[in-house]
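Enquirer: Need coordinates for the below:
(2 chains)
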Amino acid sequence: MLRFAPSPTGDMHIGNLRVALFNFIMSKQLNEELIIRIEDTDKERNIEGKDKEILDVLNLFNIEYSQVIHQSSHVKFHRNFAIALMHDKKAFNCFCSTEQLEMDKKEAKEKKIAYRYLGRCENLPADQVIDNMAPFTVRLKKPLKSVSFTDKVKGKLTFEPNDIDSIIILRQDKNPTYNFACACDDILNDISLVIRGEDHVSNTPKQIAIRDALKYEKKIEYAHLPIILDTNGQKMSKRDNASSIKWLLSEGFLPEAISNYLILIGNKPPVEVFTLKEALEWFDLSKISKSPAKFDIDKLRFLNREHMKRLDNKELSRYVGFADDEIGALAKIYIDECNTLNDLREKIKPYFEPRDEDGEFGEGVKIIKKLILKSDHIQDFNDFKEHVINETGLEGKNFLKPLRIVLTNSQDGPELAIVYPLIKNFLKEIAS
RNA sequence: GGCCCCAUCAUCUAAUGGUUAGGAUUCAUGGUUUUCAUCCAUGCCAUAGGAGUUCAAAUCUCCUUGGGGUCACCA
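Expert: Below is the predicted model:
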């Protein structure tokens, strides 16, 4: 069983989506289920409706999953696990106040050493625990030995007990912390492979330590994906427009192109342009680069063009706001000079807007429009051209430019012989 | 600062220890196109630095430098 575990505290960004994509691909290749686990244990930060939005994005990108679980519904199990750990003396009550801990941290910082829990409550005598009315958290005792695991992309990683530390597993309000809830649920959901971002690397030994303490024996495999950096080489923040899926979509990038890009970077695929379905065939987790990749919007633009070319005329037509095959075909002519659907829309829109009749070629435009309105429909462009020449007496530049303006609403552009068959059915509408 | 990870063109990457260090994107130039764009061709641009191992190092080892991640009663 695989999992994608977003928290409903913010919008989907490309890092999340990439993790979701990889989980989906691996679940297909392994023929295992993929579940969506909404990590909503921090009620303060949860945003109403975000879980739904996340699922909408997954659907839009054709990421299939077998079920959705809200982590908050498992809290009673998490507490039971914590009680078991306390029974086994692997976890203990910690009465340190927030202020006390803050002071410890401040002191560590002044001494320029990493803050670690000082173990103040670890070996409290029983009477001091029972008689203690102060609020308390529950901590897991740090492991006795170092923890190692072999990451599918990073290789073997080892962490010392001191770096794992005696972490809080239950807060004062007795709700589980992230690492604890996560470790427990990976057990409860029978997870076999965890694919997540590199920012979780240091959480992994903690979660392994929790499962070890619970005597869970199944080995869970891990793959930590290098994070995506912005152009400056920093972790992409929510402030970077390009990191927002919503923004990319609104800019006119196709989901299929975004998927393509996110699977392509930091990877060595056999081809550069591909669909998610095609990637299922050859995707290989072991080929993922260990080093972070920088987000390159130019490459995404290139892929977007390629994917626009792959759409059939009807689909493309819908994307630019029409429903006719001809408009789709017309849009295709412009793809090479466009990066996004928005660019394309801007190319098609003028066709159905009023022509300039006051400019240099305004007179010619008026004459040709009038002729079109009183003429019969003409199939062939050359016949149409002949007809206009014969009926209007226009010639040379004074013929070609107005004709181009009437047909395309622009002084330059693609060859009229190519455009004509696609718009001939709209001519009366355009000329009126 | 502690811990962990990483290092080939501007970007994504290729190269069983032996290549002229290859491709794609971007950029520039030229050609085609009665127009713009396309298209085609060409060009620019990289093994972070220093030691070592070896007949031979982008590739193996070590050091330095640089970059990134992470250090919550957030996830």
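
Enquirer: Now A:Ala213. Its backbone dihedrals?
Expert: The phi/psi pair for A:Ala213 (degrees, to the nearest 10) reads phi -60, psi -30.

Enquirer: With adjacent residues omitted, what lies nearest to the most centrally placed residue in chain A?
Expert: By C-alpha atoms, centre = their mean, chain A has its centre lying nearest to A:Leu17, at 2.8 Å. In space, and not counting its chain neighbours, A:Leu17 is closest to A:Ile245: 5.8 Å by C-beta to C-beta, 6 or more residues apart in numbering. C-beta coordinates here come from the backbone N, C-alpha and C atoms, glycine included.

Enquirer: quick one: the one you found and RNA strand B, what's the gap?
Expert: For A:Ile245, the distance to RNA strand B equals 17 Å [C-beta to the nearest atom of the strand, to the nearest Å].

Enquirer: In contact with that residue, which residues are there?
Expert: Counting by C-beta atoms under 8 Å, 6 or more residues apart in numbering, A:Ile245 touches A:Asp11, A:Met12, A:His13, A:Ile14, A:Leu17, A:Val57, A:Ile258.

Enquirer: again, 6 Å this time
Expert: A:Met12, A:Leu17, A:Val57 (C-beta atoms under 6 Å, 6 or more residues apart in numbering).

Enquirer: do A:Leu30 as well
Expert: So A:Leu30 contacts nothing (C-beta under 6 Å, 6+ apart).

Enquirer: Model confidence at it, what's the number?
Expert: For A:Leu30, the pLDDT comes out at 97.

Enquirer: Now do the longest helix seen in chain A: distance to the chain's middle.
Expert: Ranked by residue count and defined by DSSP state H, the top helix of chain A is helix A:14-30. How far helix A:14-30 lies from its chain's middle: 10 Å, per C-alpha atoms, centre = their mean, to the nearest Å.

Enquirer: what's downstream of it, the next helix or strand?
Expert: strand A:34-38 (DSSP states H and E).

Enquirer: Neighbouring strands of that next one in the sheet, and parallel or not?
Expert: In the sheet, strand A:34-38 lines up against strand A:2-4 (parallel), strand A:67-70 (parallel) (DSSP bridges).

Enquirer: List the buried residues of the next helix or strand after it.
Expert: Using DSSP H and E, the helix or strand that follows strand A:34-38 in sequence is helix A:50-60. Applying a neighbour-count criterion of 16 or more other C-beta atoms under 10 Å, one finds A:Lys50, A:Asp51, A:Glu53, A:Ile54, A:Leu55, A:Val57, A:Leu58 buried in helix A:50-60.
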